[in-house]
Structure formats: structure tokens, C-alpha cells
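Peer 1: Would you be able to build a 3D model of this:
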Amino acid sequence: MSQPDPDVWRTQVRQWLATVLEPARAPESTGEAADLAVFHNLPEDEERLLLERCRTYQRARFDAGYQALTLPADKGGAGLTAAHVAVFAQEESAFEVPPSTELISVTVRLVAMAVSLFGTDEQLRDHARAFLRTDLLACQLFSEPGAGSDLAAVRTRARQDQDGDDWVIDGQKVWTSGAQFADYGLLLARTDPDVVKQAGITAFLVPMDAPGVEVRPIRQMSGGASFNEVFLSGVRVPDRLRIGRPGQGWEVATTTLAFERTASGSGNRRKGGTFTDVLALARSLGRTSDPLVRQRLADLYVRAALRAATVDRVARTSAAGGRPGPEASLTKLMASDLLTRTGQVAAELMGARISADTGEPGTFAWTQHLLGAPGYRLAGGTDQIQRNLIGERVLKLPPEPRVDRAPFSQLPGN
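Peer 2: Got it, this is the predicted structure:
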């Protein structure tokens, strides 16, 4: 099937976007302050309203054929190239796109993609399409109190009942974004404790309203509670909701995490303050004539430009077949670093203003950025994990020997 010319396709995308969205307006033109929060910090009723706004747009995008652009057509995607993804993002940036949420991103960019790639025909029909369209919402049940960076150490257990029809799951998950609003959770559980740890994991879709599932919010230092603990006690999941083969969970997980790092580093969704916000802050404080401030601003601008160029390069060289490669760790690492540096420059500009609300517009709001940025260095894999992945899988450096781990080349899917 021939691919549409990106430049011709660009015009088509722009015309469609104009039918569903308003042109983008600068915050100063609306009198509204920019949202500087890295993670959402909204009351439940406002979060639900935001979710509905997002879902309305995602459904329109799906119905028009612009969802999952690089996913193969036989898997429910558009079967286009990374160049088309870049074109769509460029055109979309000129419009007032509803600010997305972690749950929308996880549903569309992670869980939907995993189910599309590893699911059965029945799962593609009943779940993947619904996730891509956000008719159903899904959270990610991966991390545990003792299995975060070392995800293969998951201790949540799943055992098959005697009839083989259901799996019974017991365990605990943590840092689950949007669990209180999700219909399903993509869960990793240990199903074989007698093999190397990566080989004994299986993935499941767990209905979040199933008996035995309990969601408890985690209060963040910013005041919000967008993350949750999820406890599973004797939760029965039918075998038809198993994703992939028994023991294939590590391959499902690593593919899903690659999508997560691509989404986290892509820059398609605003997270926290940007260089433009810092420049506006420096101007409002009358600091742009200070040579040290100008040097810091220039450094931040260059890093933002380098990150944008790297995102484009990684997108254009990503693996074929709708799956991102390990290069996604580069953009995730750069995104985390840029967020941290952006907050540092803003704090240096404000000095004591950062510690209390003086009533000056666009100042104290930076606390939302500063309190959220450290978490972004953990979400989707810590900075240290990203560096390991870059070293081992991009630069092909020899890994440190570990007796509890099979060589990467011997794992399923490699």
C-alpha cells in the first residue's frame, strides 16, 4: 500500500483539525496563566470533566483515521511512517488541543498498542479498538513497592484454577496513574516462580471493578492525588483476558515501556514549564539584561532545541512495524533533564519568591513544576535505567554480569 505524500497529507490534516479545534492562542492573549504542573493536580470532578474533553477529541481523531498512525493497518492503525507522525504533531500544535492526562496517554499510547500487538483477534475487536478510541480507559499495573526500577522482580502472583478457565491474582501495585477512573488495568504477574525472573511473568487485562480490586489514592507533595496504590486479593480474571502467551509478559512489558518512553520524550503533550515560560518570567522580573541570566537562558534554549531535534531523529529512525526501539530512552532522558533544568532556572530567577505566593502573576505557579519534576525522573523508568538501556541496547556496551537475569539476546522477542 503506497504512503500518502507527507506534504499533501499535511494539508489534509490541517483542514481536518480546523473542523474540530480552535486555533491556538497564547496564554497572554487569553489572560490565563500557563499550566506549569508536570502532573495533574485537579479535584475529582474537574479531572472527570477534563477526561471527557480529551475523550471527545480522541474519538474524533480515531473516527477520522488519525489515531495510532504508525501501527500497522491490520492491527487497527493507519500504517503510516514516523514522518507522518511528525507532520501531525506540527499541525496539531497550531490548535487548542484539550490538555491530555496520564490516563489518556496510557490508554491510547501504551495499553492500546500492547493489546494491538500481542492480543488475540477477539481482544483486538473487543478491547484494542475501544482503547484507541477511549471508549474504555486503561491504567498500567506494573510497578510494585519492591519492583520499580527492577520491574522483573514483580511479586504479584497469578495462578490458574483447576479448570484452567480463570487466573486468580494476589498482590499490590503502586504509582498507578488514573486507576480511580480506569475500566481496565494492564497487569504484570508472576506465573512461574521457578524460572529466571524475566521468563516467569504473564500479562493480563484486569477489570478494575472486579471483586478484590481496591484502589487507594496517594497524596503527593504538590497536594494532588493522581497516583494510586492498587491492592488485588483473590481477583479472578478469565484466561481470555491474558495478553500474549503465559510467560511472555516481559516482552509485553518492555514493548509497552518503549512506547511509554517515546510518549514521555516526544514533547507532544505539555508537561510543566517551558523555555518560553522561563523567558517570559525573566522579562517580567526585569532580569534579561543580566549577563549571567542571559547565559542561563541561552543554555536552556539550546538544550530545548537539541531535545526537539533528537525527538525528530529518533522518530524517523524508530523500528519498523509500529514498535519503538531502545533509542526512545534518549528522548526520555533528555525530557527529564530539561524539566529539571527549566525548574532550576526559574527558581534562580525568583529567589525567595518561590517559597511564598506574593500575588505576582506567573511566579508562585512554578512550585507546581518544581514539585513535579523529580517524579518525572522516575516515571517510565529512572534516569539510571535509561542510561543502562542506552549503554546496553543503543551503544551495545557489555552489561554488568547478573546471576538473576538472562542475557538480553536470550529473552523472548530478541
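Peer 1: So which residues of the stretch 101-250 of the chain form strands?
Peer 2: Along the stretch 101-250 of the chain, counting by DSSP state E, counting those that start in this stretch, strands occupy 138-141, 157-160, 166-173, 184-190, 201-207, 213-218, 227-238, 242-243.
Peer 1: most tightly surrounded among those?
Peer 2: Among the strands of the stretch 101-250 of the chain, ranked by average contacts under mean count of other CB atoms under 10 Å, first place goes to strand 138-141 (a mean of 29). Every C-beta, even on glycine, is put in place using the N, C-alpha and C of the backbone.
Peer 1: Tell me which other helices or strands that strand touches.
Peer 2: strand 184-190 (3 or more CB pairs under 8 Å, 6 or more residues apart in numbering; DSSP states H and E).
Peer 1: how far off strand 166-173 does the strand it packs on point, in degrees?
Peer 2: If you take axes from the mean of the first three to the mean of the last three CA atoms, to 10 degrees, strand 184-190 sits at 90 degrees to strand 166-173.
Peer 1: I'd like the average pLDDT over strand 184-190.
Peer 2: The average pLDDT within strand 184-190 is 98.
Peer 1: Could you check how far it is from the centre of its chain?
Peer 2: With CA atoms, centre = their mean, to the nearest Å as the basis, strand 184-190 stands 17 Å off its chain's centre.
Peer 1: Grab the most central residue of the chain for me.
Peer 2: Residue closest to the mean C-alpha point of the chain, counted by CA atoms, centre = their mean, is Glu260 at 4.3 Å.
Peer 1: Please name the residues that touch that one.
Peer 2: Shown in contact with Glu260 (CB atoms under 8 Å, 6 or more residues apart in numbering): 106, 109-110, 140, 380-381.
Peer 1: Figure out the helix or strand that it lives in.
Peer 2: For Glu260, the host element (DSSP states H and E) is helix 249-266.
Peer 1: again with Leu389
Peer 2: According to DSSP H and E, Leu389 maps onto helix 383-389.
Peer 1: Endpoint to endpoint, stretch 105-112 covers what distance?
Peer 2: Length of stretch 105-112, first residue to last, CA to CA, to the nearest Å: 10 Å.
Peer 1: could the strands of the stretch 101-250 of the chain go into TSV alongside distance to Ala78?
Peer 2: As requested, the strands of the stretch 101-250 of the chain are exported to TSV (distance: least, CB to CB, whole Å):
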stretch	distance to Ala78
strand 138-141	21
strand 157-160	34
strand 166-173	32
strand 184-190	22
strand 201-207	24
strand 213-218	34
strand 227-238	31
strand 242-243	22
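Peer 1: Figure out which of those strands is closest to Thr120.
Peer 2: Proximity to Thr120 (CB to CB) singles out strand 242-243 among these, at 8.8 Å.
Peer 1: Now Gly65. Nearest residue, chain neighbours left out?
Peer 2: Distance criterion CB to CB, 6 or more residues apart in numbering; nearest residue to Gly65, sequence neighbours excluded, is Ala78 at 5.8 Å.
Peer 1: which SS state does that neighbour fall under?
Peer 2: For Ala78, the assignment made with DSSP: H, G, I helix; E, B strand; the rest coil gives coil.
Peer 1: For it, list the residues it contacts.
Peer 2: Taking CB under 8 Å, 6+ apart as the test, what Ala78 contacts is 65-71, 84.
Peer 1: From those, which land in strands?
Peer 2: Among these, the subset assigned to strands under DSSP state E is empty.
Peer 1: Past the helix holding Glu260, which element shows up next along the chain?
Peer 2: Counting by DSSP H and E, the next helix or strand C-terminal to helix 249-266 is helix 275-284.
Peer 1: which residues are contacting that next one?
Peer 2: 28, 34, 36, 288, 293, 297, 300-301, 304, 342, 345-346, 349-350, 360-363, 366.
Peer 1: my read: Gly200 touches Ala189, true?
Peer 2: No: using CB atoms under 8 Å, Gly200 makes no contact with Ala189, being 9.7 Å away.
Peer 1: Next, show the common contact partners of those two.
Peer 2: What both Gly200 and Ala189 touch, as defined by CB under 8 Å, 6+ apart, is an empty set.
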